[in-house]
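>>> Predicted model and sequence follow; I will ask about them next.
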Protein chains: 2
Amino acid sequence: MEKITDLNIYKMLSDELRLKILKMLSVKNMAVGEIVEKTGIDQPLISHKLKELRENGLTVSYRSGKNIIYSLASDSLKEVISVVEAAGSKIDYVCNCVECKEND
Amino acid sequence: MEKITDLNIYKMLSDELRLKILKMLSVKNMAVGEIVEKTGIDQPLISHKLKELRENGLTVSYRSGKNIIYSLASDSLKEVISVVEAAGSKIDYVCNCVECKEND
DNA sequence: ATTATATATAAATAATTATTCATATGTAAA
DNA sequence: TTTACATATGAATAATTATTTATATATAAT
């Protein structure tokens, strides 16, 4: 029995596709095929992402007939998602990197 | 003026050193030299990490004499940090990846 | 003005992570 | 008991990201 670290939570959420999957699972539990369909992404890639999420403790899964159903490991992840979205929407900034300065 | 995306917040926090720096800044504002000293990490690497954080809108900085002082761009990041830590401590899991199974 | 101090940057390399493609496995239906 | 379907896996490659090293810049002190 292991604890997930906050660093690993950030790592898992820092990939666009993994984040999208997690957000979908925060709405409802889904079979792999449904996720493939809704995202339009290749099945093996989706399976890889789901494997990473599972192995890092962010999701759980069980078989139901021919399908494997995935869900969030904990509702506390929903809170994470909403708090981070809120933080993002609160912070305005002027990027001062070289490229951005050129466009001023 | 731009908005930070939640994806970029996750990306910035998904690096061990950037996360450590952000956690330090959530306690108090710090000069680059202080961060170098407390972490024991090379100055140019710290400066790179600080640059990434700055360019992505997570920190702000100003000059004070010879020093440059960094601070969090918003207190909402403190909430992010604590909510994610809490989520991590709530989730127990049994990793079912190949390597972990071997150790059972 | 020259030197010291603090920080930033650029270029090169190293390391990690993501994606693709081919194939395997497990369950269910015919 | 073969065939179809859903999902998983492994190996190869591609892409991204991190780290190092050397050097530049900006301010302050002498």
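Happy to help now that I have it. Keep in mind it's a predicted model, so treat the numbers as computed, not measured.
>>> Which phi and psi values does A:Asp75 adopt?
phi -70, psi -20 (degrees, to the nearest 10).
>>> likewise A:Val27?
phi -90, psi -50.
>>> how many other residues sit next to A:Leu25?
21 (other CB atoms under 10 Å in any protein chain shown). For glycine as for every other residue, the C-beta is placed from the backbone atoms N, C-alpha and C.
>>> again with A:Lys90
A:Lys90: 15 neighbours (other CB under 10 Å).
>>> Please apply the same query to A:Glu85.
14.
>>> quick one, what contacts the closest residue in space to it that isn't next to it in sequence?
Closest residue in space to A:Glu85, ignoring its immediate chain neighbours: B:Asp6 at 4.9 Å, by CB to CB, 6 or more residues apart in numbering or on different chains. Residues near B:Asp6 by CB atoms under 8 Å, 6 or more residues apart in numbering or on different chains: A:19, A:81, A:84-85, A:87-88.
>>> can you pull out the strands in chain A?
A:2-3, A:30-31, A:59-64, A:67-72, A:92-93 (DSSP state E).
>>> For DNA strand C, which of those strands is the nearest?
strand A:59-64 (5.8 Å; CB to the nearest atom of the strand).
>>> Tell me which other helices or strands the closest one touches.
helix A:43-55, strand A:67-72 (3 or more CB pairs under 8 Å, 6 or more residues apart in numbering or on different chains; DSSP states H and E).
>>> what mean pLDDT would you report for stretch A:42-57?
Taken as a whole, stretch A:42-57 carries a mean pLDDT of 98.
>>> Need the contact partners of that stretch.
Taking CB under 8 Å, 6+ apart as the rule, stretch A:42-57 contacts A:2, A:4, A:8, A:11-12, A:15, A:17-18, A:21-22, A:32-33, A:35-36, A:39, A:59-61, A:70, A:73, B:91-93, B:95-97, B:100.
>>> make it 6 Å
Identification of contacts with stretch A:42-57 by CB atoms under 6 Å, 6 or more residues apart in numbering or on different chains yields A:4, A:8, A:12, A:17-18, A:21, A:35-36, A:59, A:70, A:73, B:91, B:93, B:95, B:97.
>>> How much space separates A:Val36 from A:Leu22?
The gap separating A:Val36 from A:Leu22 is 16 Å, by CB to CB, to the nearest Å.
>>> Equivalent analysis for A:Glu52, please.
If you go by CB to CB, the gap between A:Glu52 and A:Leu22 works out to 11 Å.
>>> So for these two, which sits in the more crowded spot?
A:Leu22 (22 against 17).
>>> distance of that one from A:Ile35?
Relative to A:Ile35, and taking CB to CB, A:Leu22 is found at 11 Å.
>>> ok, now A:Ser74?
19 Å.
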